[in-house]
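S.K.: Need the 3D shape of this:
(4 chains)
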Protein chains: 4
Amino acid sequence: VILPRGSAALPTGLSKHRIEALADGIFAVAMTLLVLDIKMPESVTYATNADVWRRLAGLEHAVASYVISFFMLSVYWIGHHVQFHFIERADRGLLWINLYLLLCICLVPFTTDLVGDNVHLHAPALLYGTNLLLIAAAFFGQLAYLQRHRHLTAPDFGHVLGALRRRVRFLAFLPLVSMAMAFYSPRLALYLYLSLPLLSLIPSRFNRLPAPHAHGQEDRS
Amino acid sequence: VILPRGSAALPTGLSKHRIEALADGIFAVAMTLLVLDIKMPESVTYATNADVWRRLAGLEHAVASYVISFFMLSVYWIGHHVQFHFIERADRGLLWINLYLLLCICLVPFTTDLVGDNVHLHAPALLYGTNLLLIAAAFFGQLAYLQRHRHLTAPDFGHVLGALRRRVRFLAFLPLVSMAMAFYSPRLALYLYLSLPLLSLIPSRFNRLPAPHAHGQEDRS
Amino acid sequence: VILPRGSAALPTGLSKHRIEALADGIFAVAMTLLVLDIKMPESVTYATNADVWRRLAGLEHAVASYVISFFMLSVYWIGHHVQFHFIERADRGLLWINLYLLLCICLVPFTTDLVGDNVHLHAPALLYGTNLLLIAAAFFGQLAYLQRHRHLTAPDFGHVLGALRRRVRFLAFLPLVSMAMAFYSPRLALYLYLSLPLLSLIPSRFNRLPAPHAHGQEDRS
Amino acid sequence: VILPRGSAALPTGLSKHRIEALADGIFAVAMTLLVLDIKMPESVTYATNADVWRRLAGLEHAVASYVISFFMLSVYWIGHHVQFHFIERADRGLLWINLYLLLCICLVPFTTDLVGDNVHLHAPALLYGTNLLLIAAAFFGQLAYLQRHRHLTAPDFGHVLGALRRRVRFLAFLPLVSMAMAFYSPRLALYLYLSLPLLSLIPSRFNRLPAPHAHGQEDRS
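M.R.: Residues are numbered from 1 along each chain as shown, chains lettered A, B, ... in the order given. This next block holds a predicted model:
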């Protein structure tokens, strides 16, 4: 019997594709479940068009929290995609960090629902912010883990680590501001999150990632 | 630290497979959730067979809107598949266009439900049409983005761009006609959508796409 | 501009992987949704252990229809897997046949729920049988389509076509027998489906498929 | 017509990727559905922040059972990932073992819900333990099947078989202890499961797997 190489002791060559597939699946289901929160009362038949428009107007906060959570999940999914772009293989530690991340992702439809129905209270806003902070912690944890386990990463990971970390720091900063603001106005605290996707559309120091060298050259050939 | 190549500043070699996987997942969940809209009242035990048939007959519009939405999502999924056939890599802009598309796809079960339960009103038909127009806009946006970022596409993208654009134009034309018709008869406006899948089965100028060269030759060898 | 090769006029090299991914996603969601049908009344807290056991005993038909539908979906998924093993590329026609198949697959949780709650009536059993017949028709259609479009298949498709067709014929035969039996006893008609997974475990002329040559040799090298 | 090689008579080269994709999809949906069990009453608008906190405190067991089931599913998913790391191709028998495993995985949200709502009774704890035992049986069955069908496995499967089997034995041991404990305290029986993920974080003889040789060398090159 061949003994493990050290205390880590797991197949070093575990493919990263299955954790990507599980993550994509969970993001897909969580994003689709979000919309269930804005569902009208089931199988209601309305009498007039005005009733429909009035009911839709009453869904403003539900729709807003849906759009915001969808964009937050989009930001996290892109973040996951970009971090895994620089990962070449997985080990048990990396899998567990990702499963913790996915646990927190699965909670987003729940906290979103709570915020959307209670935009007049700060407690749901605090809970929502905590959920997002736990997600940011997972991304921090993954970067820290990769830094200490460089054999899992692509050679150019070192060049982008700083940029990736600045980005995650911003992901943690926003919920903190929003949670503080929730004591003043829970509604403003909710809409503040919209600044994140907007910001990430603008090229800034937060989303400036050096192009990976190995991959980049491969593309040009 | 290596600086980004320009203002776009993201890994140029981001694989397109994960956005395909996320899209396939969201389409799969949205398509399966559609059927929840035609669910009978939960755990009802019927007294006679006649009761079952009568109840099913009462579901006519729910079943019709289910079938129509499933076919619309099928048309969009095939459109996504064909457009990505000519894409070779992704960047942040392309990811965001796709996430906007998926946001609109996730809303389809919601607007379908509203239409299926209220086939006597034009307001749900307008909402449904708007949802489909927003989807068509995403496809337009993707084509426009790819045209300006040719390094993301396969070399034969230029040859099929015209055909792809004609097809998307038709995707936008149909909801406009249906929305206009909704003021006259919401029911007719709903059934009009059935013409799209039917049309796409008939070879016409709308679905005539030149065979991609690189791939085509590969296939023949 | 390069013109399409004929009236079919679609990229001939469309990859088969995305339709496999969509199918796997829809099968996964449909299989998981099945279990929602046996859910106990939501968030009920029972007073005694005896209450729990009694409630569970009352779920017999719901559990039976869950297990049967899960196995039927398993049989279909394996059938899809085996047929696609001999497919090398996709075209628009093949995509549409598969989307029709997936439309019928998505209906299974709905008809299963109806059967599980009304095991004393033949109407739900007829509806369930019809659903399964529509699925068998999709598999027949796919084989017929592949026979007329051999450029989509692996070279050894011709050798297995007979065996694949016999298998699908059996998939259509079983619901017909079950539907006839439903007029005599809907309960027996339900349990009859259990014979299919059992039969497919026994090596018989129905599941005897020649090993594909090209792949087989590749495996041995 | 070429005849099958033996009584097994199925394409020997069936790819393992589709069963991995189906499993990832089902795990993803099951994990996300778990959170539905801790959903607050739908669309409730609370009057004060204190109401929200009080309601959340009342969800303690629902949240605990959510976290525990998510971790159990994570342990199973990692186990599936690791076992499939040593599998190179699939046959019909392996597919059926996996579909049986997935049937049991899909039941986890149901039994979790029952446990979370009835932490004062031992009947739900017994049911939950049985569910987990049925899952452990699937993993045992897969190892036994692979041992008798070595042509499906990677060459180094023999070296890790002992370690894999010890791990599965522990997966079966824990529910047995928990079920015995349920007669004394159902609550303790529930929290006992938390020891499994904790244990799997500690490198021990249970999670010490030799690195696969072929893959390992490939990684180093």
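S.K.: For the closest residue to A:L192 other than its chain neighbours, give me its contacts.
M.R.: Leaving aside its sequence neighbours, A:L192 sits nearest to A:S178 (C-beta to C-beta, 6 or more residues apart in numbering or on different chains; 4.8 Å). All C-beta atoms are positioned from the backbone trio N, CA, C, and that covers glycine. Shown in contact with A:S178 (C-beta atoms under 8 Å, 6 or more residues apart in numbering or on different chains): A:A125, A:G129, A:A189, A:L190, A:L192, A:Y193.
S.K.: and if you look at A:S74?
M.R.: Contacts of A:S74 (C-beta under 8 Å, 6+ apart): A:M31, A:P197, B:W96, B:L99, B:L103.
S.K.: same thing but at 10 Å, please
M.R.: A:27, A:31, A:196-197, A:200, B:22, B:95-96, B:98-100, B:102-103 (C-beta atoms under 10 Å, 6 or more residues apart in numbering or on different chains).
S.K.: Reformat those residues as JSON lines; add secondary structure and neighbour count.
M.R.: Shown next, in JSON lines, are the contacts of A:S74 (DSSP: H, G, I helix; E, B strand; the rest coil; neighbours: other C-beta atoms under 10 Å in any protein chain shown):
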{"residue": "A:F27", "secondary structure": "helix", "neighbour count": "28"}
{"residue": "A:M31", "secondary structure": "helix", "neighbour count": "28"}
{"residue": "A:L196", "secondary structure": "helix", "neighbour count": "22"}
{"residue": "A:P197", "secondary structure": "helix", "neighbour count": "19"}
{"residue": "A:S200", "secondary structure": "helix", "neighbour count": "20"}
{"residue": "B:L22", "secondary structure": "helix", "neighbour count": "24"}
{"residue": "B:L95", "secondary structure": "helix", "neighbour count": "21"}
{"residue": "B:W96", "secondary structure": "helix", "neighbour count": "19"}
{"residue": "B:N98", "secondary structure": "helix", "neighbour count": "25"}
{"residue": "B:L99", "secondary structure": "helix", "neighbour count": "23"}
{"residue": "B:Y100", "secondary structure": "helix", "neighbour count": "20"}
{"residue": "B:L102", "secondary structure": "helix", "neighbour count": "27"}
{"residue": "B:L103", "secondary structure": "helix", "neighbour count": "22"}
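S.K.: could you dump these to CSV with pLDDT and distance to chain D?
M.R.: As requested, those are exported to CSV (pLDDT from 0 to 100; distance: C-beta to the nearest C-beta, whole Å):
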residue, pLDDT, distance to chain D
A:F27, 95, 9
A:M31, 92, 10
A:L196, 71, 23
A:P197, 60, 22
A:S200, 60, 25
B:L22, 94, 11
B:L95, 92, 20
B:W96, 91, 23
B:N98, 95, 19
B:L99, 94, 18
B:Y100, 94, 22
B:L102, 95, 16
B:L103, 94, 18
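S.K.: which pair in those residues spans the largest distance?
M.R.: A:L196 and B:L22 (19.0 Å; C-beta to C-beta).
S.K.: Could I get the pLDDT score of the residue nearest to A:L192?
M.R.: Note for A:S178: predicted pLDDT of 91.
S.K.: Where does the prediction get shaky in chain A?
M.R.: For chain A, the stretches flagged by pLDDT under 70 are A:1-12, A:37-44, A:197-221.
S.K.: Any idea which residue is closest to the centre of it?
M.R.: A:Y76 (2.5 Å; C-alpha atoms, centre = their mean).
S.K.: Backbone torsions only: list them for it.
M.R.: The phi and psi values for A:Y76, taken as degrees, to the nearest 10, are phi -70, psi -40.
S.K.: wait, what's in contact with it?
M.R.: Applying C-beta under 10 Å, 6+ apart, the residues contacting A:Y76 are A:23, A:27, A:30, A:101, A:104-105, A:108, A:132, A:135-136, A:138-139, A:171.
S.K.: ok, these vs chain B, which is closest?
M.R.: A:F27 (6.2 Å; C-beta to the nearest C-beta).
S.K.: what's the burial count for the closest residue to the closest one other than its chain neighbours?
M.R.: Counting by C-beta to C-beta, 6+ apart, A:W77 is the residue found nearest to A:F27 once chain neighbours are left out, at 5.0 Å. Residues lying near A:W77 (other C-beta atoms under 10 Å in any protein chain shown) number 24.
S.K.: buried ones in the particular helix or strand that has A:W77 in it?
M.R.: Using DSSP states H and E, A:W77 sits in helix A:60-85. For helix A:60-85, the buried set under the neighbour-count rule, 16 or more other C-beta atoms under 10 Å in any protein chain shown, comprises A:61-85.
S.K.: how many neighbours does the residue of chain A found nearest chain B have?
M.R.: Per C-beta to the nearest C-beta, A:A28 is where chain A lies closest to chain B, at 2.9 Å. A:A28: 30 surrounding residues under other C-beta under 10 Å.
S.K.: is it true that it touches B:I19?
M.R.: No. At 11.2 Å, A:A28 and B:I19 do not qualify as touching, with contact defined as C-beta atoms under 10 Å.
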